[in-house]
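>>> Would you be able to build a 3D model of this:
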Amino acid sequence: MNYHFDWSVIARNMDRFLAALGLGLGLAVISLAIGCVLGLAVAYARVSPRRWLSGPAWFYVELIRCMPLLLLIFFIYFGLPEFGIYFMDKTQSFVLTLSLYAAAYMSEVFRAGLASIPKQYVEAAKAIGMRPWQRQRYVVLPVMFRITLPAISNNLISLFKDTSLAAAIAVPELTFLARQVNANTFRVMEVWLTASAMYLATAYLLATLLRLVERRYASIR
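Numbering: from 1, shown residues only. A predicted model of the protein is given here:
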């Protein structure tokens with residue numbers, strides 16, 4: 001093997017690597033937050049007895065789940081402008097795409113969470129005179145959140161890794177920067193080993209922190 005490592009390339013660009021990593025993490029967090037709000041609405045529509053709500057919600061979930069994320073990114077970024085729908089920049093386009101993608105998966109998580117809530121909780125809330133919106137706010141949603149928290153954590157980590165696909169539309173996150181530095185310096189191993197290590201370390205740190213949150217929340221009675 002004649003390859004000689006030169007880590008000075010990484011040292012000179014470390015500030016850019018960290019900024020790109022931060023951007024990717026921010027994209028994942030924002031997309032998950034939006035996806036949770038949309039996913040909760042879709043989950044309630046899925047469990048609704050009204051077909052005009054449950055039908056479109058089912059179609060949306062199945063459509064997104066069966067479509068590759070990269071194809072969805074291309075469709076929203078390149079396709080929607082053909083119909084006169086424009087976004088301010090490529091980052092916002094990617095956030096929209098990842099949020100819609102996350103919402104489909106989070107809706108299934110929330111739907112399972114809603115189905116897992118013991119009926120006696122709701123019956124007890126009715127017995128003490130809670131209104132429907134009060135039962136949802138003070139009983140159903142807190143219990144559902146506790147049940148679904150591990151799945152929410154897994155989805156955040158998954159979305160963080162999926163931000164690497166933003167490089168396809170030149171969003172300057174970690175994978176795009178790594179590709180750019182590699183093209184300028186030809187330091188293939190150093191660049192991609194660094195990017196891989198940063199993804200691995202960040203995902204592991206997220207998993208550790210989220211486990212602590214899960215244990216803390218599970219201990220609340």
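>>> quick one: the helices in this structure?
For the chain, the helices defined by DSSP state H occupy 8-46, 51-65, 69-74, 90-116, 119-127, 132-135, 141-162, 174-185, 188-218.
>>> Mind checking those for the one nearest to residue 168?
helix 69-74 (6.0 Å; C-beta to C-beta). Every C-beta, even on glycine, is put in place using the N, C-alpha and C of the backbone.
>>> so what does that closest one touch, helix or strand wise?
Helix 69-74 sits against helix 90-116, with contacts defined as 3 or more C-beta pairs under 8 Å, 6 or more residues apart in numbering; DSSP states H and E.
>>> Quick check: buried residues in the helix it packs on?
90-91, 93-111, 113-114 (16 or more other C-beta atoms under 10 Å).
>>> pLDDT on it, on average?
Helix 90-116 carries an average pLDDT of 93.
>>> Just the angle for that helix relative to helix 8-46, thanks.
Helix 90-116 runs at 50 degrees relative to helix 8-46, counting by axes from the mean of the first three to the mean of the last three C-alpha atoms, to 10 degrees.
>>> which helices and strands does helix 90-116 pack with?
Counting by 3+ C-beta pairs under 8 Å, 6+ apart, helix 90-116 packs on helix 8-46, helix 51-65, helix 69-74, helix 141-162.
>>> got the ones you listed as a markdown table, with mean pLDDT columns?
Formatted as a markdown table, the helices and strands packed on helix 90-116 follow (pLDDT from 0 to 100):
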| stretch | mean pLDDT |
| --- | --- |
| helix 8-46 | 95 |
| helix 51-65 | 93 |
| helix 69-74 | 95 |
| helix 141-162 | 91 |
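>>> Make CSV out of these and add distance to residue 135 and mean neighbour count.
Converted to CSV, those look like this (distance: least, C-beta to C-beta, whole Å; neighbours: other C-beta atoms under 10 Å):
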stretch, distance to residue 135, mean neighbour count
helix 8-46, 13, 18
helix 51-65, 19, 14
helix 69-74, 36, 16
helix 141-162, 9, 18
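>>> out of the ones you listed, which comes closest to residue 211?
Short answer: helix 141-162, nearest of these by C-beta to C-beta, at 7.5 Å.
>>> Return the distance of the closest one from the chain's centre.
9 Å (C-alpha atoms, centre = their mean, to the nearest Å).
>>> Mind giving me the packing neighbours of that helix?
Right, helix 141-162 is packed against helix 8-46, helix 90-116, helix 188-218 by 3+ C-beta pairs under 8 Å, 6+ apart.
>>> Give me the residues contacting that helix.
24-25, 28-29, 31-32, 35-36, 69, 98, 101-102, 105-106, 109-110, 112-114, 116-117, 121, 199, 202-203, 206-207, 210-211, 213-214, 217-218, 220 (C-beta atoms under 8 Å, 6 or more residues apart in numbering).
>>> relative to helix 174-185, how tilted is it?
Going by the same axes, to 10 degrees, helix 141-162 makes 10 degrees with helix 174-185.
>>> show me the contacts for residue 85.
Applying C-beta under 8 Å, 6+ apart, no residues qualify as near residue 85.
>>> Can you tell me how far it is from residue 203?
33 Å (C-beta to C-beta, to the nearest Å).
>>> Ok, residue 23 next?
16 Å.
>>> cool, and residue 128?
For residue 128, the distance to residue 203 - C-beta to C-beta - is 44 Å.
>>> ok, those two, which is more surrounded?
More crowded of residue 128 and residue 203, by other C-beta atoms under 10 Å: residue 203, with 16 against 8.
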